[in-house]
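[1] fold the following for me, if possible:
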Amino acid sequence: MRTVPLVLLALLSLALLSSAPSGCRSAPRAAADGKAHAGPAPAAALEVVTLNLWHDKGDWPRRREMIVAALRASRPDAIFLQEVLQDAGLPNQAEDLARALGYACFFVSVDPPDRTRRYGNAVLTRHPVRMRAQRALRPPEDYRVAGMVRADVGGQPLNLYVTHLNFTDASGATRARQIGDLLAFVDATRGDAPSVIAGDFNVGAAAPELAPLRARYTDAFAALHAAPDAPANTTLNPHYGHPRTRIDHVFLQTGVLMPVRARIVLDRPDASGTWPSDHFGLQVGFRRE
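    Below you'll find the model as predicted:
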């Protein structure tokens, strides 16, 4: 019997190795427990924006165009709006913005649904809505209200709460009472889903009356900025004579939602000098921990 030369055997072995499927050569090595070392990619961050609309003051048609353009470009998962108005000749501003953006809208107000002029807050989201709720905040003469939407974000529930607190009581006692009402509302509706609370609080996030909120929720902007309350980080528009103060906030449920970015938005005028609002917007990105 003829013997195959050693050189020829080596060449045949090399050819067999090179013809194996590429996936076999690049497969990750399994750990002792049989699992691959490469872990799953981190979930994409969710984005939310809060903005006080300043109802219909100024050049609302032009302001509306600017707000729609900015939100269409950033396409956040949810939008929290305050000082939303509807009146004779003025379609509900939140519902109008939602139609323009292709979002679902939940408008909340202490004004009866059959009243022509209604004023309140709203949550807009581009995700399916599974639940809605609202609660008036005391005292009734302050006309304050909180709203809630539970959105289905990629098959996972997320609670979205919007509010707008008192600004006339310098002592903070009225806001403290409203924070108590707000947290009671959250506890009654949140279920097992993580929660985001956002809006115009009419006070800095470090104010004493917000302590019960801070005990359970993280001020997203403060968590990511060394000097969160520096004048440069105002959410009140100084063009209208407002003090440079950060009073618009996004709070994330501590230990469940982690902020990854936070920035002031809608803070520039157009070429004609028109501003989007007398507040700046706040955009926050976060992930589930």
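
[2] lowest confidence element among the helices and strands of the chain?
    Lowest by mean pLDDT, DSSP states H and E among the helices and strands of the chain is helix 22-26, with a mean of 33.

[3] now the element after that one, going C-ward?
    strand 46-52 (DSSP states H and E).

[4] show me what that following strand is in contact with.
    67, 71, 74-83, 153, 158, 160, 162, 164, 196, 198-200, 248-250, 265-266, 276-279, 281-287 (CB atoms under 8 Å, 6 or more residues apart in numbering). C-beta here means a position set from N, CA and C on the backbone, and glycine is covered the same way.

[5] among those residues, which are located in strands?
    Taking DSSP state E as the definition of strands, those contribute 78-83, 153, 158, 160, 162, 164, 196, 198-200, 248-250, 265, 281-287.

[6] the stretch 1-150 of the chain: helices as residue ranges?
    6-18, 22-26, 60-74, 93-101 (DSSP state H, counting those that start in this stretch).

[7] pick out the shakiest of those helices, pLDDT-wise.
    Among the helices of the stretch 1-150 of the chain, helix 22-26 carries the lowest mean pLDDT, a mean of 33.

[8] give the bridge partners for the residue nearest to residue 131 when sequence neighbours are not counted, please.
    Spatially, and ignoring its direct neighbours in sequence, residue 131 is nearest to residue 150 (3.8 Å; CB to CB, 6 or more residues apart in numbering). For residue 150, the beta-bridge partners are residue 131, residue 159 (DSSP bridges).

[9] count of neighbours near residue 150?
    22 (other CB atoms under 10 Å).

[10] doesn't residue 130 make contact with it?
    Yes. Using CB atoms under 8 Å, residue 150 is in contact with residue 130, at 4.7 Å.

[11] which residues are in contact with each of those two?
    residue 157.

[12] doesn't residue 139 make contact with residue 181?
    No. Counting by CB under 8 Å, residue 181 sits too far from residue 139 to count as a contact (10.1 Å).

[13] more neighbours, the two?
    residue 181 (18 against 13).

[14] secondary structure class for the more buried one?
    helix (DSSP: H, G, I helix; E, B strand; the rest coil).

[15] so where is the stretch 1-150 of the chain shaky, pLDDT-wise?
    1-43 (pLDDT under 70).

[16] buried stuff in stretch 140-155?
    142, 144-151, 153 (16 or more other CB atoms under 10 Å).

[17] put the alpha carbons of it into CSV.
    What follows is stretch 140-155, C-alpha atoms only, in CSV (Å, rounded to 0.1, in the frame of the first residue of the first chain):
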residue,chain,number,x,y,z
PRO,A,140,-59.5,73.7,45.5
GLU,A,141,-59.2,77.5,45.0
ASP,A,142,-55.7,77.0,43.7
TYR,A,143,-56.9,75.1,40.6
ARG,A,144,-54.0,72.6,40.7
VAL,A,145,-54.2,69.1,39.4
ALA,A,146,-51.9,66.1,38.8
GLY,A,147,-52.3,63.6,35.9
MET,A,148,-51.0,60.1,35.3
VAL,A,149,-50.6,57.9,32.2
ARG,A,150,-49.3,54.3,32.3
ALA,A,151,-47.5,53.7,29.0
ASP,A,152,-46.5,50.4,27.5
VAL,A,153,-42.8,50.9,26.5
GLY,A,154,-41.6,47.9,24.6
GLY,A,155,-43.8,45.6,26.6
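
[18] residue contacts, residue 152?
    127-130.

[19] what does residue 112 give?
    Applying CB under 8 Å, 6+ apart, no residues contact residue 112.

[20] phi and psi next, for it.
    phi -60, psi 150 (degrees, to the nearest 10).

[21] gap between it and residue 228?
    39 Å (CB to CB, to the nearest Å).

[22] equivalent analysis for residue 55, please.
    27 Å.

[23] tell me where the stretch 101-250 of the chain has strands.
    104-109, 118-125, 129-137, 144-153, 156-164, 195-200, 217-219, 248-253 (DSSP state E, counting those that start in this stretch).

[24] dump the fifth one to PDB, restricted to CA.
    Output for strand 156-164, consisting of C-alpha atoms alone and laid out as PDB, is shown next (Å, rounded to 0.1, in the frame of the first residue of the first chain):
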ATOM      1  CA  GLN A 156     -42.900  47.100  30.000                       C
ATOM      2  CA  PRO A 157     -45.100  49.500  32.000                       C
ATOM      3  CA  LEU A 158     -44.000  53.000  32.900                       C
ATOM      4  CA  ASN A 159     -45.900  55.500  35.000                       C
ATOM      5  CA  LEU A 160     -45.800  59.200  33.800                       C
ATOM      6  CA  TYR A 161     -47.000  61.800  36.300                       C
ATOM      7  CA  VAL A 162     -47.400  65.500  35.500                       C
ATOM      8  CA  THR A 163     -48.100  68.400  37.900                       C
ATOM      9  CA  HIS A 164     -47.900  72.100  38.400                       C
END
